[in-house]
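A.B. asks: 3D model of this:
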Amino acid sequence: MSTVTALPAAYVPSSYQASLFGIDDPWIDAGFTGVERTMLDADSWIDLLPRWMQGSDLLFGELVARLRWAQREVVMYDQLMLEPRLTAWWTTGSRSAEPAAVLADARDALTHRYDKPFDSIGFNLYRDGRDSVAWHADRERFEHEDPVVAIVSLGSPRPFQIRRTGGGPAQSWLVGHGDLLVMGGACQHDWEHAVPKVAHAHGPRLSIMFRHHLAE
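C.D. replies: The predicted model follows:
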């Protein structure tokens, strides 16, 4: 169950508002110039490309205003609680095009590079430092041997952490403002990831997750 949430204007800073003339329309680097791969082990890897999406602050404002945000109820610690973030969803089965044209470009570029049919896009809005997502692996692991999940981070940078499933030391990347982070290989089977709470977030963060063959 979820509750639809109306967002106050405070979540769209004036610097995130789009140009009337489209001069600063968001765009992506379809050539993935400068992408760097980190091997977590022999079978699992992370690709990172800072500022892959240019004009991302403008896209932030557009998506926050346009998407139908909801806050889902989940069972935590034997209690029914609201998830500490807002979510939205789009799939190729939707009756409309992607919420922004650059997302279609991004989906096509990612599909071509990673040879995966990215057919759905999830959105998580972290309103402040109290919003988070706990350690988990994505559901793709139940459907695919080598799933790929690509995440574009918009807005204020937040730590993205990954560790071996079940615990152990974590590796961390600070991502925001159009950075691309891709998890591949056996990441979803052997590793788990999280976006922890932080004491001082400089603003909201929006993550855009490109996924493939995943039922809503």
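
A.B. asks: Off-centre distance for stretch 62-75?
C.D. replies: When C-alpha coordinates are averaged (Cα atoms, centre = their mean, to the nearest Å), stretch 62-75 and its chain have centres 13 Å apart.

A.B. asks: what do you get for stretch 183-199?
C.D. replies: With Cα atoms, centre = their mean, you get 12 Å for stretch 183-199.

A.B. asks: Over to stretch 39-54?
C.D. replies: Counting by Cα atoms, centre = their mean, stretch 39-54 comes out at 14 Å from the chain centroid.

A.B. asks: CA-only coordinates of that stretch, as PDB, when you get a sec.
C.D. replies: The C-alpha trace of stretch 39-54 is given here as PDB (Å, rounded to 0.1, in the frame of the first residue of the first chain):
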ATOM      1  CA  MET A  39      36.200  -5.000 -10.100                       C
ATOM      2  CA  LEU A  40      34.700  -6.000  -6.700                       C
ATOM      3  CA  ASP A  41      35.800  -9.600  -7.300                       C
ATOM      4  CA  ALA A  42      36.400 -11.800 -10.300                       C
ATOM      5  CA  ASP A  43      32.700 -11.800 -11.200                       C
ATOM      6  CA  SER A  44      31.200  -8.500 -10.000                       C
ATOM      7  CA  TRP A  45      31.900  -4.900 -11.100                       C
ATOM      8  CA  ILE A  46      30.900  -1.300 -10.800                       C
ATOM      9  CA  ASP A  47      31.200   1.200 -13.600                       C
ATOM     10  CA  LEU A  48      31.400   4.900 -12.700                       C
ATOM     11  CA  LEU A  49      31.100   7.900 -15.000                       C
ATOM     12  CA  PRO A  50      30.900  11.300 -13.200                       C
ATOM     13  CA  ARG A  51      28.600  13.900 -14.800                       C
ATOM     14  CA  TRP A  52      27.400  11.500 -17.500                       C
ATOM     15  CA  MET A  53      24.100  13.500 -17.700                       C
ATOM     16  CA  GLN A  54      24.700  17.200 -18.200                       C
END
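
A.B. asks: The lengthiest helix in the chain - contacts with which helices or strands?
C.D. replies: Taking DSSP state H as the criterion, the chain has its longest helix at helix 101-114. When contacts are defined as 3 or more Cβ pairs under 8 Å, 6 or more residues apart in numbering; DSSP states H and E, helix 101-114 packs onto strand 27-28, strand 118-126, strand 149-155, strand 179-185, strand 205-212. Heads up, the C-betas are built off the backbone N, CA and C, glycines and all.

A.B. asks: could you dump those to CSV with mean neighbour count?
C.D. replies: Shown next, in CSV, are the helices and strands packed on helix 101-114 (neighbours: other Cβ atoms under 10 Å):
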stretch, mean neighbour count
strand 27-28, 20
strand 118-126, 21
strand 149-155, 25
strand 179-185, 22
strand 205-212, 23
